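Enquirer: Pasting the sequence and the predicted coordinates here, then a few questions.
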Amino acid sequence: MKNVNYDLLKMLHNTLDDIWRLEKYYIRDAQKAKCHSVAALKEMLRNEKRSAELLQKEIKLRVKAGKFD
């Protein structure tokens, strides 16, 4: 696999992992602690989801173009 394709997959994997952790633990923990971080963590979650969408679109484009090898 070419480095550029591996890089995209690795970034998507890391981003999806961050999303999972934010949803499963980080936001909930901040809410339980009643700390000011909740809003920031929710914004980070939105940003991570946006990044995941961009990465997925890029990977799909590369696959359709026959460049995902």
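Expert: That came through, no problem. Residues are numbered from 1 along each chain as shown.

Enquirer: can you pull the buried residues of the longest helix seen in the chain?
Expert: Longest helix of the chain, by residue count under DSSP state H: helix 37-64. For helix 37-64, burial by neighbour count (16 or more other C-beta atoms under 10 Å) applies to 38, 41, 44, 45, 48, 49, 51, 52, 55, 58, 59, 62. (C-beta placed from N, C-alpha, C; glycine too.)

Enquirer: Tell me the backbone dihedrals of residue 34, please.
Expert: phi 50, psi 50 (degrees, to the nearest 10).

Enquirer: who's in contact with it?
Expert: Shown in contact with residue 34 (C-beta atoms under 8 Å, 6 or more residues apart in numbering): no residues.

Enquirer: Please report how far it lies from residue 58.
Expert: Counting by C-beta to C-beta, to the nearest Å, the gap from residue 34 to residue 58 is 39 Å.

Enquirer: circling back to that earlier point, now do the longest helix of the chain: which elements does it pack against?
Expert: Where contact means 3 or more C-beta pairs under 8 Å, 6 or more residues apart in numbering; DSSP states H and E, helix 37-64 is packed against helix 3-21, helix 27-33.

Enquirer: what's the angle from that helix to helix 3-21?
Expert: 150 degrees (axes from the mean of the first three to the mean of the last three C-alpha atoms, to 10 degrees).

Enquirer: tell me the centre residue of the chain?
Expert: residue 15 (2.5 Å; C-alpha atoms, centre = their mean).

Enquirer: what's the closest non-adjacent residue to that one?
Expert: residue 52 (4.7 Å; C-beta to C-beta, 6 or more residues apart in numbering).

Enquirer: how close does the one you found sit to residue 31?
Expert: Residue 52 is 23 Å from residue 31, by C-beta to C-beta.

Enquirer: and what of residue 45?
Expert: In terms of C-beta to C-beta, residue 45 sits 13 Å off from residue 31.

Enquirer: mind listing what residue 11 touches?
Expert: Residue 11 touches 51, 55, counting by C-beta under 8 Å, 6+ apart.
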